[in-house]
Every structure is written in structure tokens, then in C-alpha cells.
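Colleague: Compute the structure for the input listed below.
(chains A and B)
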Amino acid sequence: MRRKDMLGLRDATAEEITEILDTAARFRSVSERRIKKVPTLRGRTVVTLFFEDSTRTRMSFDLAAKRLSADTLGFSASSSSVKKGETLMDTARNIDAMRPDAIIIRHSCAGAPHMLARAFPWTVLNAGDGINEHPSQGLLDMLTMRDHLGDLAGRTVAIVGDVYHSRVARSNIFGLTKLGARVVLAGPGTMCRREMESLGVEVRHQIEDVLPDADVVMMLRIQRERLAPGMMSTSREYARFYGLDLDKLQRARPEVLVMHPGPINRGVELSPEVADGERSVIMEQVTNGVAVRMALLFLLLGGETQPGGGDDAAA
Amino acid sequence: MLLLRGGRVVCPATGTDAVLDLRIDQGRVAELGIGLALDGAELIDCTGLAVLPGLVDLVADLADPGSTWREDLASGSRAAAMGGFTTVLASPATDPVVDSGAIAAGLVEAAAGAPGARVLRAGALTVGLLGQELAEMGSMLAAGCAALSDGGITGTDAAVLRNALAYARPFGAPVLLRPGQRALESRGCMHEGEISMQIGLRGIPAAAEEIGLATAIALVRATGARVHLSHVTTARSVAMLASARAEGLPITASVPARHLLLTDTWVRDSGYDPAGRLLPPLRPEQDRQALVQALRDGVIDAVCSDHMPWTRVEKELEFEQAAPGALGLETALAATLTALEGDLVRLAQVLAVAPGAVLGQRAELAPGAVADVVVLDPRAEGVVAAPRASKGCNEPLVGRTLRGAVVATVVAGRLAWRA
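Modeller: This next block holds a predicted model:
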């Protein structure tokens, strides 16, 4: 893969996506060993720069970098000079002066990673920008689907919920359509808008309409912090029309995969019986997250040894 | 004395379009003719160039007083002159807001010392531009304000706006309004459509402008006030405007020059460059085409610079957090000429005659007229570089190849700028 940054799947090619997924599949074994470390990125510095709260994405990136032997450094907006009024560019200039190799950024504004990627020589990985993209999440979702379904071309993925405010959905839409999958959306009219058809997906709204022919049902988290007033009614009404419970799941194929990017609002978008049920692959998504992020760091930073075999430290 | 020799003189007001010499004396056009003698005048060789009435701008934020790090009377006036403008109407959205006779009097007096283009002042429609209490419209006009304006700030209560228009009408001054709807504008940062959906930015629906336009049209019908609608930028707005004018309502309209060239794809293709964060936002291609057509047809009367200078302090931020607005004074002429594919007669109409008429000025090149003149090279093609006179840094047209370069700007007989 010849690119400096991973800002989103909108401008990634199907070949690049496949390369990342193939590489991630090979990296999975590292996390299953007793000594979970390969020397691939020894001496490289990876900075996580999170302007929004995150636990799992940050941990996942941190672990991925550490398992590749990179030195990692965390920067949280809450514990930094951002609170004193420093701009993003000034923060980045300061980090730049310490000569990092890659920066993993999460920010509430779309385009913030693009701004850094344009201005600085180091690799930028987008770990979520506003309502735009969350490419590593999209990739780990696709890896999980591929584990169960093989080739995704011709498969149907239903994405249900607040698609409009979901960077997870956007990355999945771009990635899945590039791999030839069919994407169908359901959700309230405010969160699942007609204009989205221009992204190459079908918009249906009612969950009952998308379940029967879905190979995968991806339930999205309701992100109350991103909702303007008047975008949804009560949580009770949401659960009734757009939540997935065992009753609604019966309309789906028996082998359907249920996914969720987490954290789950139990009882709103997913009932506990479904979240923890046999169709749920939610924990596999988390496991795959580390592998996908290792693959991204490896491919972008150009690690010198191949994943999987041949590394002394891993033996 | 100045002698502009051998240029193509284009003056829609008098119907002149011929290669002529033009003599300027004592601030006025003295004569037009062939082979005029120099008689000690300063010579400007205009061979191969075009000589047009000086451009008039209706929508510029000169940031003075209050935020003179962004722009001031001198830099804004110079930027205007470099762009071929001889008159600029400065927005009342300053600090303090121009909303009383006393403030207006001081600013009108200060504006007389502007080094480049002539700077006129618009007075605010409401106190503090807050959309609640009526400002001292009569006193501001008596102090020399040339127009009344909402300062581009939408959100005035329709009942207050109705009263403001009814109150303004007997004073006879034009009222400038930007059609918009605050609630719909407040959460978005670009045009809502396919591109905003693609790149994950919250959108401002075209409905925001169209609702504001419908409100303004209905209130003009109710009050009879003479209104200039700045910032008309959608195809549907154009249709609404055409029907309002067919009805005979006293409405004129303008479009920002950059909206004739740039579309919402600019935001995507620039990688979220905050220079493209505008209000109203850049529109899709079909709107852009409708705007150019409306300008040719005369449904949209005028082009404005919509000059809104910001420095890196306000613009070197995340797209959503950057202040909306872009520069325009230095590039409006070339942007418009490019959009009009070199039509100089139309250019003079939309950038001089029509905006001049809104302010009650007659932009013409005839003996006795005030010598406001722009000399330009209509064939020059150049890549837009960083602004030269403005203090702002936010010009989304940088890097675009545009047609037309200003060679000289004459303001009331004074050579205000020469390339």
C-alpha cells in the first residue's frame, strides 16, 4: 500500500482494502501467542491524539502499536493545553517538534485529520472525525464479516439506526460498496436520509423491511451527544421501531450476523438477549480491531519484516 | 488631468462600446473622442485594454472599527481599488455596530480619507443588528449613510423585519437583506446535499435561503420598501426572484462572485480547507449554472464581492469551527469576467451599473460624470495568488486561473491604483 495516511475509506481502493484485511488476518496470530509482540516497528514513535473520549478504540490502537514494538505516547485533550485554548494546529506543531512517525487522531470535527495530513510529513490515522469516518472500525467490521461469509461481493449488509451521525456507518458504506456488497439502511427519517442514496446504498427506514434478506445486521449506537434537539422521540419509541430484539430477529435468516460497534445502549438499539445471543459477533469485532490496526500501522509505516512468521522475538 | 488613450470604452448606461480616448479633469470625465491631445495630462496607454465605469460593491465587511487586525479602512479601500472597485459599501456589522446617527457621522467622516476606493457606509436596520429594536435609520442616513442593511445577519423576527421595512421606506434608502433562516443555518457548515453526505459535514439546506427569501419577498409586498437581496445562491431562489420581479416588486438582487465559479465539491476536493467555509455555502453545479444564467438574463442584477476578511487566527481551525466567509474584493472582477466568458458589456452592467443604481449612483462614462473608471486587460489570464492589499488570508479562488486583470483604477479623477 503506497499512501502516507489513512483518513477514510472514501478514497481507498478495493485493492487497498483487501490488502489491509489480508494483512490483518495474518497479524491475528500475534495476539494469540504467549509473547504478543513482534519487532516490526521497533524504534518508531506512534502518538495517539484523542480529542474525544474513547476507551476501546484508543486501547485497541495502543495495543496494536505495542504489539508491533512501537513506542507509544498518549495525548488527551482533557489533560493538555487544549483546555488552555491551544489550536489543533499548534498542538500538532508541538508534537511535530518531537519527531513522531505516526499520529492517531480522534476529533469531533470532520476533516481534522485531513488538516494534519496536509500540513505534516508524518502518517495520520483517522480514529474518528466528527460524523465523517472511522476507517479502522469499518475495516474491522469487514474483516469480521469476511471471516464468516468469505467474499463480500453480492452480500447484503443492513445498517440500522442513526446512520446520519455515524462515522462507523459511513466508513462501512464506502468500504462495503467498494467490495461489491449491497448496503441497505434503516432508521428514523431524521437519521437515515434520502440523500444517502447518493452514497450507493438503498434507504428503507423500517427495520422489518431490511431484516429478511440481510446477511449482516449492523446496529448503530444512538449518539445522544451528537443529536440536535428534535431528531428523535423517546428511547422507548426508538427501541420499539428501530431496536433489535429476539422477536424482530425472527424475521431474519437463521445464519444472520448481528454486529454493533459498541458501546451498546442495552434495551435501546439492542436487547440484551440479542447482544449476547448466538448470532452476535460483537466480541469478535473487538478482537479483530487490534489485528486491523496492527495491519494499518504496519502497511503505513512500512515495517521491514513480514507479519506472522520469521520474527525472533515472537518465537 | 488623466488621458486614457486608445482603450475599448464600454459603458452600458450610454450605450458606448468603441475604441476611444477618455480625458479626465477635475475629478470628472471631460471628454471622449478619437485622437485627443495630451495637453499636459498624465497618459495611460490603454491600447488593447478595456475602459469601464468603476465597479461598485454592495457587500463588504471592512472590519473597521472593531477588528482592524482583519481589515481596516485603508487596507479594505486599497484591496477594493486593486480589484477595480471605485465604490464600496461597508457593512454595518462592525464593533460598535453602525446603528446610531452619532456613530455613523464619525465613520462617514473617517471614510473620506480612504486611500483607495471610495468607502460608503451602510447603517444597521436594528440596534446592534440584534433584530429587536429599530436603529436610528433617519439619523444615519442624514449623517451620510448610503443604505440600510441587516449586515448579513439573519434571524430578525418577521414582525420586526416588517416594521423595519415599513419604517425605512419613507426615507427612500435601499435596504440590503441576506436571505437566510438562522435555525437552519446554525448547525451546518456547508451546503446540505450529496457532497456534505459524502464527506461527513453537517449541512445547511437550501431551504434556509429560500425561506428567508420568501419572507423578504412577502414583506416587500406588504410594505413597499425598496430591498436589495444580497447573496442569492440557489436555482430555486432565482425562480422565486424572477416571479417577484414579474410582479413588479421593488426588489434587486446580487450573487457573490465566487458562487459563479466554485461549487460544493470544492470543500471535498480541497480536503476540508476552511477557506471554503462560507455563508451562504458553495452550492452544487446545477445551482451555479442557474446563477450564471440568471446573471446573463438580468434576473440577478448584480455581483457582489461578499468580502469577509479573516486571518489565520479565525481560519486556521477545523472546518466546522472556522469563521464563515471569504475575501472577494481583489478577485470579484476576474471571477465574474471568467463566469461571463469575457462579456465586458455584461460585466459593466452587473458590477458597475446595477449596483450603482441600488445606491442611486449613475455609473457612466460621459462628459460631466464623476470620473470613476476601471482599466482592465480582458485577455490577461492569471493564476490567483495570495491577496495583496487585504489583511485577510481566506481566498478560496487562490490557484484558479481567471480571466481579466485590473490595470488602473480611477476614483473621482484620482489614480487610486495602477498595476
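Colleague: separation between the residue of the stretch 101-250 of chain B found nearest chain A and A:Gly8?
Modeller: Closest to chain A within the stretch 101-250 of chain B is B:Gly200: 2.6 Å, counting by C-beta to the nearest C-beta. Yep, even glycine has a C-beta here, placed from its N, CA and C like the rest. Separation of B:Gly200 from A:Gly8 (C-beta to C-beta, to the nearest Å): 8 Å.
Colleague: thinking again about what came up before, now the residue of the stretch 101-250 of chain B closest to chain A: phi and psi?
Modeller: The phi/psi pair for B:Gly200 (degrees, to the nearest 10) reads phi 70, psi 30.
Colleague: so what's the residue nearest to it when sequence neighbours are not counted up against?
Modeller: Nearest residue to B:Gly200, sequence neighbours excluded (C-beta to C-beta, 6 or more residues apart in numbering or on different chains): A:Asn132, at 2.6 Å. Residues near A:Asn132 by C-beta atoms under 8 Å, 6 or more residues apart in numbering or on different chains: A:Gly8, A:Ala110, A:Gly111, A:Arg167, A:Arg170, B:Ile199, B:Gly200, B:Leu201.
Colleague: Beta-bridge partners for the most centrally placed residue in chain B, please?
Modeller: Closest residue to the average C-alpha location of chain B: B:Cys304 at 2.4 Å, with C-alpha atoms, centre = their mean. B:Cys304 forms beta bridges with B:Pro256, as assigned by DSSP bridges.
Colleague: wait, what's in contact with it?
Modeller: B:57-60, B:230-231, B:254-257, B:328, B:332, B:355.
Colleague: Quickly run through the sheet partners of whatever helix or strand B:Glu381 lives in, with directions.
Modeller: In the assignment (DSSP states H and E), B:Glu381 maps to strand B:373-383. According to DSSP bridges, strand B:373-383 forms sheet pairs with strand B:50-53 (antiparallel), strand B:401-411 (antiparallel).
Colleague: picking that back up, now the common contact residues for B:Gly200 and A:Gly8.
Modeller: Joint contacts of B:Gly200 and A:Gly8 (C-beta under 8 Å, 6+ apart) are A:Asn132, A:Glu133, A:Arg170.
Colleague: just those now: which is nearest A:Ile35?
Modeller: Using C-beta to C-beta, A:Glu133 is the member of the shared contacts of B:Gly200 and A:Gly8 that lies nearest A:Ile35, at 34.0 Å.
Colleague: Name the nearest residue to that closest one, ignoring sequence neighbours.
Modeller: Nearest residue to A:Glu133, sequence neighbours excluded (C-beta to C-beta, 6+ apart): A:Gly8, at 3.7 Å.
Colleague: tell me which element that neighbour is part of?
Modeller: Using DSSP H and E, A:Gly8 maps to neither a helix nor a strand.
Colleague: So for the residue in the stretch 201-315 of chain A positioned nearest to chain B, what's the nearest residue that isn't a sequence neighbour?
Modeller: For the stretch 201-315 of chain A, the residue closest to chain B is A:Ala228, as judged by C-beta to the nearest C-beta, at 5.6 Å. Distances taken as C-beta to C-beta, 6+ apart put B:Arg187 closest to A:Ala228, at 5.6 Å, once the chain neighbours are dropped.
Colleague: Report how many residues lie close to that neighbour.
Modeller: B:Arg187 sits with 12 neighbouring residues when counted by other C-beta atoms under 10 Å in any protein chain shown.
Colleague: Test my guess that it contacts A:Leu227.
Modeller: No - the pair formed by B:Arg187 and A:Leu227 falls short of the contact definition of C-beta atoms under 8 Å, at 10.7 Å.
Colleague: can you map out the helices along the chain?
Modeller: No chain specified, so I'll use chain A. For chain A, the helices defined by DSSP state H occupy A:14-27, A:56-67, A:88-96, A:112-119, A:135-149, A:167-178, A:207-210, A:235-242, A:246-249, A:272-275, A:282-301.
Colleague: Hmm, no, I was thinking of chain B.
Modeller: B:73-82, B:101-111, B:137-142, B:158-168, B:182-186, B:194-199, B:206-223, B:235-246, B:265-269, B:285-297, B:312-315, B:332-339, B:344-348, B:354-358.
Colleague: Of all the ones you listed, which one is nearest A:Val210?
Modeller: helix B:194-199 (19.3 Å).
Colleague: who does that closest one touch, helix- and strand-wise?
Modeller: With contacts taken as 3 or more C-beta pairs under 8 Å, 6 or more residues apart in numbering or on different chains; DSSP states H and E, helix B:194-199 sits against helix B:265-269.
Colleague: What residues of the helix it packs on count as buried?
Modeller: B:Thr265, B:Trp266, B:Val267, B:Arg268 (16 or more other C-beta atoms under 10 Å in any protein chain shown).
Colleague: what does the stretch 151-300 of chain A have sitting close to chain B?
Modeller: Residues of the stretch 151-300 of chain A lying close to chain B (C-beta under 8 Å from any C-beta of the partner chain) are A:Arg167, A:Arg170, A:Arg193, A:Glu195, A:Met196, A:Ser198, A:Leu199, A:Ala228.
Colleague: The residue lying closest to B:Asp377 once chain neighbours are set aside: neighbour count?
Modeller: In space, and not counting its chain neighbours, B:Asp377 is closest to B:Ala405: 4.8 Å by C-beta to C-beta, 6+ apart. Neighbour count of B:Ala405, defined by other C-beta under 10 Å: 18.
Colleague: Export the helices of chain B as JSON lines, with columns for mean pLDDT.
Modeller: Formatted as JSON lines, the helices of chain B follow (pLDDT from 0 to 100):
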{"stretch": "helix B:73-82", "mean pLDDT": "98"}
{"stretch": "helix B:101-111", "mean pLDDT": "98"}
{"stretch": "helix B:137-142", "mean pLDDT": "98"}
{"stretch": "helix B:158-168", "mean pLDDT": "96"}
{"stretch": "helix B:182-186", "mean pLDDT": "94"}
{"stretch": "helix B:194-199", "mean pLDDT": "96"}
{"stretch": "helix B:206-223", "mean pLDDT": "97"}
{"stretch": "helix B:235-246", "mean pLDDT": "97"}
{"stretch": "helix B:265-269", "mean pLDDT": "97"}
{"stretch": "helix B:285-297", "mean pLDDT": "98"}
{"stretch": "helix B:312-315", "mean pLDDT": "92"}
{"stretch": "helix B:332-339", "mean pLDDT": "98"}
{"stretch": "helix B:344-348", "mean pLDDT": "98"}
{"stretch": "helix B:354-358", "mean pLDDT": "98"}
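Colleague: quick one on the thing from earlier: pull out the buried residues from the contacts of B:Cys304.
Modeller: Applying 16+ other C-beta under 10 Å to the contacts of B:Cys304 flags B:57-60, B:230-231, B:254-257, B:328, B:332, B:355 as buried.
Colleague: Report the two of these separated the most.
Modeller: B:Ala60 and B:Val255 (14.7 Å).
Colleague: pLDDT at the residue nearest the centre of chain A, what is it?
Modeller: Residue closest to the mean C-alpha point of chain A, counted by C-alpha atoms, centre = their mean, is A:Gln137 at 1.1 Å. Listed pLDDT for A:Gln137 reads 98.
Colleague: which residues does it contact?
Modeller: Contacts of A:Gln137 (C-beta under 8 Å, 6+ apart): A:Thr57, A:Gly128, A:Arg167, A:Val168, A:Ser171, A:Asn172, A:Pro261, A:Gly289.
Colleague: Among those, which one has the most neighbours?
Modeller: A:Asn172 (32 neighbours).
Colleague: who are the neighbours in contact with A:Arg193?
Modeller: By C-beta under 8 Å, 6+ apart, the neighbours of A:Arg193 are A:Val163, A:Tyr164, A:Val203, B:Met197.
Colleague: could those residues go into TSV alongside distance to A:Leu149?
Modeller: As requested, the contacts of A:Arg193 are exported to TSV (distance: C-beta to C-beta, whole Å):
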residue	distance to A:Leu149
A:Val163	21
A:Tyr164	27
A:Val203	23
B:Met197	27
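Colleague: which one of those residues sits closest to B:Thr401?
Modeller: Once C-beta to C-beta is applied, the member of these that ends up nearest B:Thr401 is B:Met197, at 30.0 Å.
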